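Asks: Need a 3D model of the sequence below.
(one chain, ligands or ions: 1)
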Amino acid sequence: MSERSEVERAIESLGELRLIDYHTVGDEIVAQVETLRKPVYCPICGSVAEPKDRRTSTIRDLPIGNKPLVLLWKKRVWNCTNPDCPQVTWTETADFVSSRHSLTNRAKLDLARQALIEKVSVAQLAQKWKVSWSTAMSSIKEVQDQIKVNSHA
Ligand SMILES: [Zn+2]
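Replies: Now for the predicted structure:
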């Protein structure tokens, strides 16, 4: 399989994104992505929304082979078309990543698995995933809490 189709497949498997383009920086694959187009409505009044702007978020996903994958998510900023609505603009969100997080949910899970099962240290994981120590630690805690919730259900 070509590298391009591997990158495409990785992005598509997140379920919400499509690949715009990608390039290799050092040993990393840096992919520009956007959400799949679908009609968007204002969360306040339900009117049709129109795209107004883009805002880029940098998010790390699972590596492809041994190459780290960095997503440059070109988030859409939406604008309500109803002039009487108090909701002026908002930035899109998605299910593959929690808001303000720098790792996709599946990357977070993998990082936590390496810490909890393979007993890799938080410092090593932070270095490997190129995130701060506190990001690595909070990812592990979050997954641990989810496991606790599930086992009590
Ligand atoms: Zn509105």
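Asks: same for the longest strand seen in the chain, what does it pack against?
Replies: Criterion DSSP state E: the longest strand present in the chain is strand 49-64. Contacts defined by 3 or more C-beta pairs under 8 Å, 6 or more residues apart in numbering; DSSP states H and E place strand 49-64 against helix 3-12, strand 67-80, strand 89-91, helix 105-116. Backbone N, C-alpha and C define where each C-beta goes, glycine included.
Asks: Stretch 127-137 - what's its average pLDDT?
Replies: Across stretch 127-137, pLDDT averages out at 94.
Asks: ugh, wrong one, stretch 87-104
Replies: So the average pLDDT for stretch 87-104 ends up being 90.
Asks: How far does it sit from its chain's centre?
Replies: 8 Å (C-alpha atoms, centre = their mean, to the nearest Å).
Asks: Next: stretch 50-64.
Replies: 7 Å.
Asks: what about it and the ion, touching?
Replies: No: applying C-beta under 5 Å from the ion, one finds stretch 50-64 separated from the ion by no less than 11.0 Å.
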